[in-house]
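S.K.: Here is a sequence together with a model predicted from it:
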Amino acid sequence: MVAGRGGGVRDVAWSGRAEAAGTGVTQTTSLPLVVDMDGTLIAADVTWLAVAASLKARPLALLLILPALMAGRAAFKRRLSALAAIDVAGLPWRADVLAYLRAQAALGRALHLATGADERIAQAVAAHLGLFARVWGSDGAANLTGRRKAAVLAGAFPEGFVYAGDSGADVHVWRRASGAVLVGVTHGVARAVARQGTPVEARFPGAARQ
């Protein structure tokens, strides 16, 4: 679903052909679109995928991972990214969201990736897709989620940005954003975005894997 030029919300089939022809263009689509990864771009959490990959490759990897967890989430994610080889090509991509992003890129829109996952994994995902101009991720010291992510993006895009996310933590980002793309959000999250008055550019239902 997407807001039309008149402000109403209508269903749109997210195909590259439809978007390239201008279907679903809204006032916010002139702004950069920043995309979350876990639960938004992919229908999974790469941190847990990395845990599984680490344990599969090295059954005693948990002994190497747990000390890092004591140092905080960002350090934990950084340690995992060093231990686990994630096959980014085999990630459970959300086909509907990817189609939307590719259509927006075809229209010349600037796309960026901002995730709480470790930035090494985020960079690998960005390199695989070839869609994103800039990439932000957790750096081993700071966990890029919630209010921290909101502050980083507001500073990077003082003229405004649209954010695509899926969780309650993303409500903090939508509070600072000029528009929202809602991906598989709960009714509670949708209501929180509505209460904030953030315009909704597009909505996607629950997980749709490729």
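M.R.: Here it is on my side, so go on. What you see is a predicted model, and the numbers here were worked out from it, not measured in a lab.
S.K.: quick one, helices of the protein?
M.R.: Assignment of helices within the chain using DSSP state H yields the ranges 16-20, 46-57, 62-69, 73-83, 95-106, 119-129, 146-156, 171-176, 187-196.
S.K.: By mean pLDDT, show me the worst of those helices.
M.R.: Of all the helices of the chain, the segment with the smallest mean pLDDT is helix 16-20, scoring a mean of 30.
S.K.: Give the burial count for the spatially closest residue to A142 that is not a sequence neighbour, as a bare number.
M.R.: When the adjacent residues along the chain are set aside, A142 lies closest to A74, with 5.6 Å between them (C-beta to C-beta, 6 or more residues apart in numbering). (C-beta placed from N, C-alpha, C; glycine too.) Other residues within reach of A74 by the criterion other C-beta atoms under 10 Å amount to 22.
S.K.: what sits against A74?
M.R.: A74 makes contact with D118, S138, D139, G140, A141, A142, N143, L144 under the criterion C-beta atoms under 8 Å, 6 or more residues apart in numbering.
S.K.: Point out the least confident member of the residues you listed, please.
M.R.: Lowest-confidence member of the contacts of A74: G140, scoring 70 (pLDDT).
S.K.: picking that back up, let me have the contacts of A74 in JSON lines, adding distance to A105 as columns.
M.R.: Formatted as JSON lines, the entries for those read as follows, by distance: C-beta to C-beta, whole Å:
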{"residue": "D118", "distance to A105": "24"}
{"residue": "S138", "distance to A105": "25"}
{"residue": "D139", "distance to A105": "26"}
{"residue": "G140", "distance to A105": "30"}
{"residue": "A141", "distance to A105": "31"}
{"residue": "A142", "distance to A105": "28"}
{"residue": "N143", "distance to A105": "28"}
{"residue": "L144", "distance to A105": "23"}
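S.K.: and these, which are buried?
M.R.: D118, S138, G140, N143, L144 (16 or more other C-beta atoms under 10 Å).
S.K.: of these, closest to A44?
M.R.: Nearest to A44 among those is D118, at 14.9 Å by C-beta to C-beta.
S.K.: Show me what that closest one bridges to in the sheet.
M.R.: Each beta-bridge partner of D118 is listed here, defined by DSSP bridges: S138.
S.K.: I figured it hits A141, correct?
M.R.: No. Using C-beta atoms under 8 Å as the test, D118 is too far from A141 to be in contact (11.3 Å).
S.K.: didn't R175 look like it was pressed against K149?
M.R.: No. Taking contact to mean C-beta under 8 Å, the distance of 11.3 Å between R175 and K149 leaves them out of contact.
S.K.: Look at the two and report which has more neighbours.
M.R.: Shown here are R175 and K149; by other C-beta under 10 Å, K149 has more neighbours (27 against 17).
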